[in-house]
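**Q** Build the 3D model from these lines:
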Amino acid sequence: MASEKPEQYVVIANEFSFPLTKAIIESADIIKTDPSTYHLIKDFRAVHGRILEVDKTGKKMQIDIDGEIFSIELKDALDGMLEKMGFNAVAGKQLKEVKAPMPGLVLQISVEDGQSVSEGDKILILEAMKMENSILIQSNAVIKKILVSAGQAVEKGQVLVELE
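**A** Numbers count the residues shown, from 1 in each chain. Okay, the predicted model is just below:
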């Protein structure tokens, strides 16, 4: 029987990176106190953490640990391999519009015409199937024109915001 290589991740937190393995996770005492709050004891140190925002597709989140905010990015072996091969570069492809990923109701618009936004910034909140979905920008851009308003129903694929 071949020995299994332990699955290892790289966690990037506020520009610092460190390895994370299943063994490290299992050695910590983690208690979920509500849907987004955790209590963790590791190496005789207790911390309270709260998940503020999650972008599951990009493996990114923002967390509050004992009052300090961290931007977290999780990378696995495949992400590392793709980076080495240069497939993570989106350079050259400039997004010109943000479209609705699903039909829904625009609840809130978080940007205005002419505003500069950075990758991961929230553009608006779209309610679909009784769930609020934050629509995030996928690259740095400038808002050219907002084509919808709060309270407006939109269809899948409808252009919500034009970018410069």
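
**Q** so what's Val159 closest to, chain neighbours aside?
**A** Sequence neighbours aside, Glu97 is the residue nearest to Val159 in space, at 4.8 Å (criterion: CB to CB, 6 or more residues apart in numbering). The C-beta positions use only the backbone N, C-alpha and C, and glycine is treated the same way.

**Q** quick one: Ala28 and Ala46, what's the gap?
**A** 11 Å (CB to CB, to the nearest Å).

**Q** Mutual contacts of those two, please.
**A** Between them, Ala28 and Ala46 share these contacting residues under CB atoms under 8 Å, 6 or more residues apart in numbering: Leu40.

**Q** Which residues does the longest strand seen in the chain contact?
**A** In the chain, assigned by DSSP state E, the strand with the most residues is strand 45-55. Residues outside strand 45-55 that contact it (CB under 8 Å, 6+ apart) are 36-40, 60-66, 69, 120, 134, 136.

**Q** pLDDT averaged over stretch 24-34 - what is it?
**A** This predicted structure assigns stretch 24-34 an average pLDDT of 89.

**Q** So what would you say the end-to-end distance of that stretch is?
**A** Start-to-end span of stretch 24-34 (CA to CA, to the nearest Å) is 23 Å.

**Q** same check, this time on stretch 156-164
**A** Terminal-residue distance, stretch 156-164 (CA to CA): 22 Å.

**Q** That stretch: which residues count as buried?
**A** By neighbour count with 16 or more other CB atoms under 10 Å, stretch 156-164 contains the buried residues Leu160, Val161, Leu163.

**Q** Tell me the helix or strand right after the helix or strand bottoming out on mean pLDDT in the chain.
**A** Counting by mean pLDDT, DSSP states H and E, the chain has its least confident helix or strand at helix 77-85, which shows a mean of 74. Next helix or strand after helix 77-85 toward the C-terminus (DSSP states H and E): strand 97-99.

**Q** With Pro103 as the reference, measure out to the spatially most central residue of the chain.
**A** Centroid check for the chain by CA atoms, centre = their mean gives Asp55 as the closest residue, at 2.5 Å. Remark: distance between Asp55 and Pro103 (CB to CB) = 21 Å.

**Q** now do Thr37
**A** 32 Å.

**Q** Which secondary structure elements does whatever helix or strand comes next after the longest strand of the chain sit against?
**A** Using DSSP H and E, the helix or strand that follows strand 45-55 in sequence is strand 60-65. Judged by 3 or more CB pairs under 8 Å, 6 or more residues apart in numbering; DSSP states H and E, the packing partners of strand 60-65 are strand 45-55, strand 68-75.
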